[in-house]
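Participant: below: sequence and its predicted model.
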Amino acid sequence: MSASCCDHCQADNAAESLHNQTYRRVLWAVLAINAVMFAVEIGAGLASRSASLQADSLDFLGDAANYAISLLVVGMALRVRARASLAKALTMGIFGLWVIGVAGWNMATGITPQAYTMGVVGITALLANAASFGLLWRFRAGDSNMRSAWICTRNDVIGNIAVMLAAFGVFGTGAGWPDVIVAAVMGALALQGAVVVARQAMAELELPRGAPAE
């Protein structure tokens with residue numbers, strides 16, 4: 001009986017180790033994707049004066065930082081990962097508030113961005129995030145740390161589609177309000193994601209020490 005339990009524990013540990021190794025490789029891949037796309041989008045966003053592109057570029061930067069944090073805490077105790085998730089929830093919330101502020105500023109100043117640049121870069125960003133989304137899909141139901149990484153990428157895909165819709169709207173109307181609306185929606189998504197991650201992280205912190213993640 002004892003030998004059977006020991007074998008079972010060893011099998012569980014081996015499976016968890018393999019799972020963590022796979023997750024690390026995925027995180028390195030999506031970290032690289034997000035870092036490259038931040039550089040591309042921040043340049044295009046500033047050049048085109050698009051609030052939604054600038055918002056998306058900072059989202060890429062925030063995601064890259066979040067994936068780096070996730071890499072640091074993979075395999076650590078649940079409470080450590082939960083605290084890291086709280087830090088990521090805070091950054092997601094700050095990002096959301098900042099984006100909504102930029103959208104308000106552009107609306108007040110009447111800035112009209114360049115629709116063509118928005119469309120081209122939006123398509124490129126969508127392809128990059130679709131790749132990240134596919135890589136992280138299998139980890140979407142893990143602990144708050146894994147879930148936060150997937151939520152960030154999910155929001156990015158939605159945001160990229162919205163940026164392209166904004167580009168069509170700016171092109172069709174010749175006004176900047178579609179860009180402002182999309183930036184505001186992206187900010188709201190970031191705030192919603194921050195609340196979801198923070199709630200799960202707080203619940204994990206309330207578990208007894210040594211309790212396994214679901």
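Facilitator: Arrived safely, thanks for sending.
Participant: neighbours around residue 154, how many?
Facilitator: Residue 154: 19 surrounding residues under other CB atoms under 10 Å. Where C-beta positions appear, they are placed from N, C-alpha and C, glycine not excepted.
Participant: now it. Nearest residue, chain neighbours left out?
Facilitator: residue 133 (6.7 Å; CB to CB, 6 or more residues apart in numbering).
Participant: touching stretch 87-96 from outside, list them.
Facilitator: Residues from elsewhere that reach stretch 87-96, judged by CB atoms under 8 Å, 6 or more residues apart in numbering: 58-59, 62, 65-66, 69, 145, 148, 152, 186-191, 193-195, 197-198, 201.
Participant: how far out from the middle of the chain is the helix or strand encompassing the residue nearest to residue 154?
Facilitator: Assigned by DSSP states H and E, residue 133 falls within helix 115-136. How far helix 115-136 lies from its chain's middle: 13 Å, per CA atoms, centre = their mean, to the nearest Å.
Participant: tell me what that helix is packed against?
Facilitator: For helix 115-136, the elements it packs on are helix 2-48, helix 51-73, helix 144-173, judged by 3 or more CB pairs under 8 Å, 6 or more residues apart in numbering; DSSP states H and E.
Participant: buried stuff in the second one?
Facilitator: Using 16 or more other CB atoms under 10 Å as the test for burial, helix 51-73 gives 51-67, 69-70, 73.
Participant: centroid-nearest residue for this structure?
Facilitator: Nearest residue to the geometric centre of the chain (CA atoms, centre = their mean): residue 152, 1.9 Å.
Participant: so it is in contact with residue 69, correct?
Facilitator: No: if you go by CB atoms under 8 Å, residue 152 and residue 69 don't touch, sitting 11.2 Å apart.
Participant: pLDDT below threshold where in the protein?
Facilitator: The chain contains residues with pLDDT under 70 at 1-19, 73-76, 78, 140-146, 148-149, 208-214.
Participant: tell me, how many residues neighbour residue 206?
Facilitator: Neighbour count for residue 206, taken as other CB under 10 Å: 10.
Participant: please name the residues that touch it.
Facilitator: Applying CB under 8 Å, 6+ apart to residue 206 gives no contacts.
Participant: how about residue 180?
Facilitator: Contacts here follow CB under 8 Å, 6+ apart; on that basis residue 180 touches 51, 103, 104, 106, 107.
Participant: let's see which of those residues end up in helices.
Facilitator: Among the contacts of residue 180, the members falling in helices (DSSP state H) are 51, 103, 104, 106, 107.
Participant: host element of residue 178?
Facilitator: Under the criterion of DSSP H and E, residue 178 resides in helix 177-205.
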